[in-house]
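S.K.: I'd like to go over a predicted model; first the sequence, then the structure.
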Amino acid sequence: MSPKKSPFFELRSGSVDTLLFVVKTTDLEAMRAELTRRFEATPEFFANDVVAIDVRRLAGDERVPLADIAQLLDSVRMRPVGVVANPEQGWAAESALPLLEARDRRGVSAKAAEENNGGSAENTTPVQGELPMTDPAAEPTAAADAATAGVEPVKLATSSQTTVIDKPLRSGQRIYAKGDLVVLGLVSYGAEVIAEGNIHIYAPLRGRALAGVHGNHDARIFCTCLEPELISIAGIYRTTETPLPPDVLGKPVQIWLDEEKLMIEPLRLT
């Protein structure tokens, strides 16, 4: 039988979405402390995520112990599958992890892509995006996720790339939107709304809201009553451990990123 017609397996070219764990320092202990801090805040968003270690931000004379970084990622339940490196970083090939190709926009190197894009490199398949806090397992359907959590599924009304939720979300319910997400009811404590684009909540936000989860730094969160457990844009987050100022707590607000800082501004609706 011809191998091309084998019923047992196929070998095909393709691409697999992974997260990029972009290494910006050779200080492994600082990296460990920061990753542990993020993991403790939202451990479910890291579980079983497939990750490629990206060392292209390091200077030419800098090296990091890739085996130790892989072990660190594994300790927080992420799954390292390879290394992305510049051609001149030959030391990366000495790792037990395979080298992966990340085809940057316009086919230039990561450093050149950053210069061309004002300091922000954008990557496409087979690897994409810096490490955001998101749960890919939540993507397929909200109904399946709700069933797992033992709560009633939420009916979705989806138009183009906007998902509309017209009922309150109870604790344990999670909604994932591929584009923008509009919520017309209360987001209770313990509930989560997650979107690759913007999030609009026309009711109190008391649970968690995570926008731009695939590294969209331009995403925003709009809310008519801000009382959250956690807010996040492109992986930059803030929890209730840091109290909100009186001029935004319980008020209509918009939230966006200024570089790597969350900005919260009151909305004047009248």
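M.R.: On my side now, so go ahead.

S.K.: quick one: low-confidence parts of the stretch 51-200 of the chain?
M.R.: For the stretch 51-200 of the chain, the stretches flagged by pLDDT under 70 are 103-160.

S.K.: strands of that one, start to end?
M.R.: 79-84, 99-100, 156-159, 162-165, 174-177, 180-183, 192-195, 199-205 (DSSP state E, counting those that start in this stretch).

S.K.: adjacent strands (with direction) for the fourth one?
M.R.: In the sheet containing strand 162-165, the strands it pairs with under DSSP bridges are strand 156-159 (antiparallel), strand 180-183 (parallel).

S.K.: off-centre distance for that strand?
M.R.: 19 Å (Cα atoms, centre = their mean, to the nearest Å).

S.K.: quick thing: my sequence starts at 20, can you match it?
M.R.: All right, first residue 20 from here; so that's strand 181-184.

S.K.: just the buried residues of that strand, please?
M.R.: Neighbour counts using 16 or more other Cβ atoms under 10 Å place 181, 182, 183, 184 of strand 181-184 among the buried residues. C-beta coordinates here come from the backbone N, C-alpha and C atoms, glycine included.

S.K.: swap in the longest one?
M.R.: Residues of strand 218-224 classed as buried by neighbour count (16+ other Cβ under 10 Å): 218, 219, 220, 223, 224.

S.K.: contacts for it?
M.R.: 187, 196, 199-206, 212, 228-230, 238-247, 250, 269 (Cβ atoms under 8 Å, 6 or more residues apart in numbering).

S.K.: out of those, which end up buried?
M.R.: 187, 196, 199-202, 205-206, 212, 228-230, 238-247, 250.

S.K.: list just the nearest of the buried residues of strand 181-184 to residue 264.
M.R.: Comparing the buried residues of strand 181-184 against residue 264 with Cβ to Cβ picks out residue 184 as the nearest, at 28.2 Å.

S.K.: gap between the two ends of stretch 210-224?
M.R.: 9 Å (Cα to Cα, to the nearest Å).

S.K.: meant to ask about stretch 210-221
M.R.: 15 Å.

S.K.: run the chain-centre distance for that stretch.
M.R.: 13 Å.

S.K.: can you check stretch 204-220 too?
M.R.: 15 Å.

S.K.: same check on stretch 254-269?
M.R.: 20 Å.

S.K.: could you do stretch 28-48 as well?
M.R.: Its chain's C-alpha centre lies 14 Å from the corresponding centre of stretch 28-48 when counted by Cα atoms, centre = their mean.

S.K.: cool, stretch 74-88 as well?
M.R.: 22 Å.

S.K.: just the terminal-to-terminal distance for that stretch.
M.R.: 11 Å.

S.K.: list the buried residues in that stretch.
M.R.: Residues of stretch 74-88 classed as buried: 74, 75, 76, 77, 83, 85, 88 (neighbour count, 16+ other Cβ under 10 Å).

S.K.: looking at the residues you listed, spot the one nearest residue 280.
M.R.: residue 76 (19.6 Å).

S.K.: how's the protein carved up into domains?
M.R.: In terms of domains, the chain is parsed into 38-135, 155-285 (source: automatic domain parsing).

S.K.: tell me who's in contact with residue 267.
M.R.: Here residue 267 is in contact with 245, 283, 284, 285 (Cβ under 8 Å, 6+ apart).

S.K.: let me fix that, I meant to ask about residue 80.
M.R.: So residue 80 contacts nothing (Cβ under 8 Å, 6+ apart).

S.K.: distance-wise, check it relative to residue 222.
M.R.: Going from residue 80 to residue 222 by Cβ to Cβ, to the nearest Å gives 53 Å.
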